[in-house]
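Undergrad: Output the structure for:
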Amino acid sequence: MAEIDRAAFGRMPDGSTVERFLLRGAEGFEAAIIPYGAAVQALKVPDRNGGSDDVVLGHDDFEGYLKQRRYFGATVGRYANRIAGARFSLDGQVFSLDANNGANMLHGGNDGFDRKLWRVAEVTGQPEPKLVLALTSADGEGGFPGRLEVRAIYRLSGPTELSVTFEATTDCPTVVNLTNHSFFNLDGALSGFDVLDHRLMIAADHFVAIDDGAIPLPRPPHPVAGTPFDFRQSEAVGARIRADHGQLRNGRGYDHNFCLAPGGSVRLAARLESPRSGRVLELLTDQPGLQFYSGNYLDGAIAGKGGRLYRQSDALCLEPQVWPDTPNRPDFPSARLDPGKLYSRSIVYRFLTARTP
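TA: Predicted coordinates:
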């Protein structure tokens, strides 16, 4: 029976309590959400043999999230990904942002949404467990214009399906780009296996080529055909990750935006499968892009769940979003939000099992 439980998980430096909300589905499916960063702390998913394991990286206790910023499961904003030179212009006015990734802004700057304690706005049990978290971002925070009212809505929309909807409104023109930054390993976060044998399909004919600072090159998106970026048919993540290709050097692996077919409706963007566990993740979204990150910067410096050191390719991220540096690229899909308009974007994580290896 679907339900939702809540319990204390830790405390902020000012003494504020941080709770952990557990949304329970069927067949051992569970999603644990914490208001700090509006983050997915754990995601238990059944395998082909009926076992259930946590398939996302993170920490067993709250101190791990406070200690170092690695975006595990977090909601990132105001602008996910990078903005070149940490600046953009809107309606003739130039806005300077936090430069926290070399000369560029990454994931909202120095104090992005992943570093905030969100408010608990709604908790609903039957028939579909739902948690609504809310955040107010002040005008000028991180350099962004406009007071932004944000909601992250987590809902069990099926027996083994987690839906995430991000909503935002503003009191003056601004840019918004929100996503979830979960690191997935479908063999289990404690399995000891990497994700290089996971098979990945991405429904995209083009990707955005980047320079060595991960900023889009000043040219249109590049066709995936004939490159290591062609995941239109299911391919092992590690099959071409070490190919001698300039874009793989620039990203130190995959860390690129894939351009999804236009349309605006929620549709299948990617399918990830572990041959070992039989777990399958179908990711659906209404966003125009999908950032595929192969865990290139996990370097063993962080101990996560079970005291394991996280290393390169221990997990991967599939982050639906608008394209990087869109505020500086009028040829890219717009991230603009005006007063009176509702920003609303959705992600569906649908888990299945493949019955045969």
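
Undergrad: a helix runs through Gly142, doesn't it?
TA: Yes - looking at Gly142 with DSSP: H, G, I helix; E, B strand; the rest coil, it is inside a helix.

Undergrad: residues touching the nearest residue to it once chain neighbours are set aside, list them.
TA: Spatial nearest neighbour of Gly142, excluding adjacent residues (C-beta to C-beta, 6 or more residues apart in numbering): Gly109 at 3.9 Å. Placement of C-beta: from N, CA and C, glycine included. Taking C-beta atoms under 8 Å, 6 or more residues apart in numbering as the criterion, Gly109 is in contact with Ala86, Leu97, Asp98, Asn100, Gly142, Gly143.

Undergrad: Swap in 10 Å and give it another go.
TA: 78-79, 83, 86, 97-101, 115, 141-144 (C-beta atoms under 10 Å, 6 or more residues apart in numbering).

Undergrad: ok, now Leu316?
TA: By C-beta under 10 Å, 6+ apart, the contact set of Leu316 is 57, 182-186, 194-196, 198, 200, 237, 253-254, 272, 292-296.

Undergrad: Please indicate which of the residues you listed are buried?
TA: 57, 182-186, 194-196, 198, 200, 237, 253-254, 272, 292-296 (16 or more other C-beta atoms under 10 Å).

Undergrad: And the pLDDT at the residue nearest to Gly142?
TA: pLDDT recorded at Gly109 is 97.

Undergrad: Identify each buried residue in the worst-scoring helix or strand of the chain on mean pLDDT, please.
TA: The weakest-scoring helix or strand in the chain, judged by mean pLDDT, DSSP states H and E, is strand 299-303 (a mean of 93). Neighbour-count burial for strand 299-303, counted by 16+ other C-beta under 10 Å, picks out Ile302.

Undergrad: what's it in contact with?
TA: With contacts defined as C-beta under 10 Å, 6+ apart, strand 299-303 is touched by 57, 59-60, 64, 67-68, 70, 72, 308-312, 314.

Undergrad: Of these, which belong to strands?
TA: Judged by DSSP state E, strands contain the following of these: Leu309, Tyr310, Arg311.

Undergrad: which residues touch the second one?
TA: Under the criterion of C-beta under 10 Å, 6+ apart, the contact partners of Tyr310 comprise 57-58, 70, 72, 183, 185, 189, 295, 298-304.
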